[in-house]
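In: requesting a structural model of the entry that follows:
(one chain, ligands or ions: 1)
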Amino acid sequence: MLNQNCRTPYIMHRLLFLVLAQLLTTGTCDTNPDPEHKEKHEGNMFVPWTYEDQDWSKDYELCNGNSQSPINIDTDETILNKKLPSITLEGYNLSETEQLDLSNDGHTVKLSLPDSMSISHGFTQKYLATQLHFHWGSGATSGSEHTVDGFQYAAEMHIVHFAAKYGHLNKAALKADGIAVLGVLFQIGAEDNKNYDHIFDKLQDIAEEGANVHIPGFDINMLLPNQLYRFFRYNGSFTTPPCFQSVTWTVFNETVQISQAQLDKLETSLKTGHGMLDSNFRHAQPLNRRTVFASFSSLTSSRRIVPKENSVKLDEDDKSVDGNHFTLGDTLAVIFGTLFGCTVLAFVIYLLKQRKRQRSNTERGQKVIYKPAATMEA
Ligand SMILES: [Zn+2]
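Out: Okay, here's the model as predicted:
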């Protein structure tokens with residue numbers, strides 16, 4: 001994310017280096033830092049980077065920070081927080097008269113979004129949309145950035161928002177609570193997902209790095225899963241240099257399905273200055289001491305398809321937010337289990353006593369039988 005959005009063709013990129021720098025300082029590029037930030041990062045701000053060599057911290061120190069993204073979400077370690085509010089979106093149904101810029105910036109395909117779109121509920125503050133983009137693999141590899149229990153999904157979409165109170169993405173990107181990204185994981189289904197045709201059908205028009213087209217607005221809600229109340233939440237970073245650690249991540253549990261043909265289109269339509277634009281995903285970063293929260297405790301009503309070995313783990317995910325890993329259900333299970341055990345034990349003891357008494361009675365009975373004989377003898 002926060003990819004360089006300057007639409008300069010790759011070949012021109014280096015020749016127009018100074019022009020680009022000028023553009024950045026005048027606020028036309030997504031990576032434009034505020035003046036304070038420019039001071040700190042001058043000299044390495046525009047160093048080209050690639051997904052082939054992800055040792056980005058050589059040039060971008062923050063990429064080696066303690067709160068980097070993406071991560072592997074280990075569902076055994078997530079903490080249930082039922083107080084996390086559902087995500088409510090406003091202004092996502094865009095009019096056809098709205099013109100959106102779709103571009104190939106050499107790192108991804110990016111769709112610009114108007115700041116009339118927002119996350120109105122779900123955080124303690126309002127976040128305004130700025131762009132969405134994708135991460136994908138190649139024919140041989142999957143391409144999601146976040147993985148769940150080690151499972152990498154086919155691709156991933158990020159919808160980037162910045163805190164309204166900071167007024168601009170570039171200022172917000174430097175603040176701990178500045179950015180909110182919604183992450184959507186993709187799986188392959190049998191049918192084309194027509195909602196994505198607005199974007200995927202235009203990919204051939206932006207094949208070259210730096211190319212862009214305008215597409216009419218459409219209902220961006222349709223790109224999202226249905227269940228906006230089931231998600232993972234953690235604090236992390238942009239997944240591209242300069243890796244600012246200012247992102248509150250919301251990764252939806254429910255995946256979105258696209259067809260294999262659509263995925264193929266995403267993986268094979270775009271080029272960079274070096275070759276195909278594919279496998280544009282960053283590898284999972286260390287979690288360190290961060291907590292990943294889950295807004296839900298089981299997947300029973302989820303439409304998410306997970307590998308069988310993962311679904312078992314996910315269904316066991318039922319932990320409380322205060323670090324006490326026992327929920328009410330767990331506690332009741334322990335109480336009833338203990339009571340049941342005690343009852344069985346008491347019953348066994350009762351049976352043993354009964355048997356002993358019967359044996360004793362039998363022995364006494366046998367004596368009774370013999371007594372009359374004795375009496376007769378007497
Ligand atoms: Zn991204």
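In: mean confidence for stretch 195-203?
Out: Taken as a whole, stretch 195-203 has an average pLDDT of 98.
In: stretch 233-249 too?
Out: Mean predicted lDDT for stretch 233-249 stands at 98.
In: start and end of that stretch, how far apart?
Out: 5 Å (C-alpha to C-alpha, to the nearest Å).
In: repeat for stretch 186-202
Out: With C-alpha to C-alpha, one end of stretch 186-202 sits 19 Å from the other.
In: and for it, what's in contact with it?
Out: 102, 109, 111, 144, 153-157, 213, 215, 218-219, 222-223, 255-263, 265-266, 305 (C-beta atoms under 8 Å, 6 or more residues apart in numbering). Yep, even glycine has a C-beta here, placed from its N, CA and C like the rest.
In: flag every buried residue along stretch 72-91.
Out: 72-73, 75, 78-81, 84, 87, 89 (16 or more other C-beta atoms under 10 Å).
In: and for stretch 91-106?
Out: In stretch 91-106, counting by 16+ other C-beta under 10 Å, buried: 92, 94, 100, 102-106.
In: now do stretch 220-230
Out: 220, 223-225, 227-230.
In: and which of the buried residues of stretch 91-106 is nearest the ion?
Out: Ranked by distance to the ion (C-beta to the ion), the buried residues of stretch 91-106 are led by Asp105 at 11.6 Å.
In: not counting sequence-adjacent ones, nearest residue to the residue of the stretch 201-350 of the chain found nearest the ion?
Out: Among the residues of the stretch 201-350 of the chain, Thr239 lies closest to the ion, at 5.0 Å counting by C-beta to the ion. Leaving aside its chain neighbours, Thr239 sits nearest to Arg282 (4.5 Å; criterion: C-beta to C-beta, 6 or more residues apart in numbering).
In: that neighbour contacts Thr50, correct?
Out: No. Between Arg282 and Thr50 there is no contact under C-beta atoms under 8 Å: 11.3 Å.
In: so between those two, which is more surrounded?
Out: Neighbour tally, Arg282 and Thr50, criterion other C-beta atoms under 10 Å: the higher count belongs to Arg282, 21 against 12.
In: contacting residues for Ala164?
Out: 118, 125-128.
In: for the ion, see how far away it is.
Out: 21 Å (C-beta to the ion, to the nearest Å).
In: with Leu62 instead?
Out: 16 Å.
In: pretty sure that residue is touching Gln245, no?
Out: Yes. Contact criterion C-beta under 8 Å: Leu62 and Gln245 qualify, at 6.5 Å.
In: checking my notes, Lys165 in a helix, right?
Out: Yes. Per DSSP: H, G, I helix; E, B strand; the rest coil, Lys165 lies within a helix segment.
In: contacting residues for it?
Out: Lys165 touches 125-126, counting by C-beta under 8 Å, 6+ apart.
In: what pLDDT does it get?
Out: 98.
In: number of residues surrounding the nearest residue to Ser259 once chain neighbours are set aside?
Out: Distance criterion C-beta to C-beta, 6+ apart; nearest residue to Ser259, sequence neighbours excluded, is Asp192 at 4.6 Å. Number of residues near Asp192 (other C-beta under 10 Å) recorded here: 15.
In: quick one: secondary structure of Asp192?
Out: Asp192 ends up coil, using three-state DSSP.
In: so how far is Phe218 from it?
Out: 16 Å (C-beta to C-beta, to the nearest Å).
In: show me what the closest residue to Ala154 other than its chain neighbours is bridged to.
Out: Of all residues not flanking Ala154 in the chain, Phe186 sits nearest, at 4.7 Å (C-beta to C-beta, 6+ apart). Beta-bridge pairing for Phe186 (DSSP bridges): Ala155, Val256.
In: helices along this structure, start to end?
Out: Using DSSP state H, the helices of the chain run over 10-15, 17-25, 35-41, 169-172, 197-200, 260-268, 308-315, 328-377.
In: before we move on, back to that, farthest-apart pair in the buried residues of stretch 72-91, please.
Out: Maximum pairwise distance among the buried residues of stretch 72-91 (C-beta to C-beta): 27.0 Å, between Asn72 and Leu89.
In: what mean pLDDT does stretch 213-230 have?
Out: 98.
In: next, count neighbours for the nearest residue to Pro85 once chain neighbours are set aside.
Out: The shortest distance from Pro85 to any residue other than its chain neighbours is 5.2 Å, reached at Gly122 (C-beta to C-beta, 6+ apart). By other C-beta under 10 Å, the residues close to Gly122 number 23.
In: which residues does Gly122 contact?
Out: 85-88, 250.
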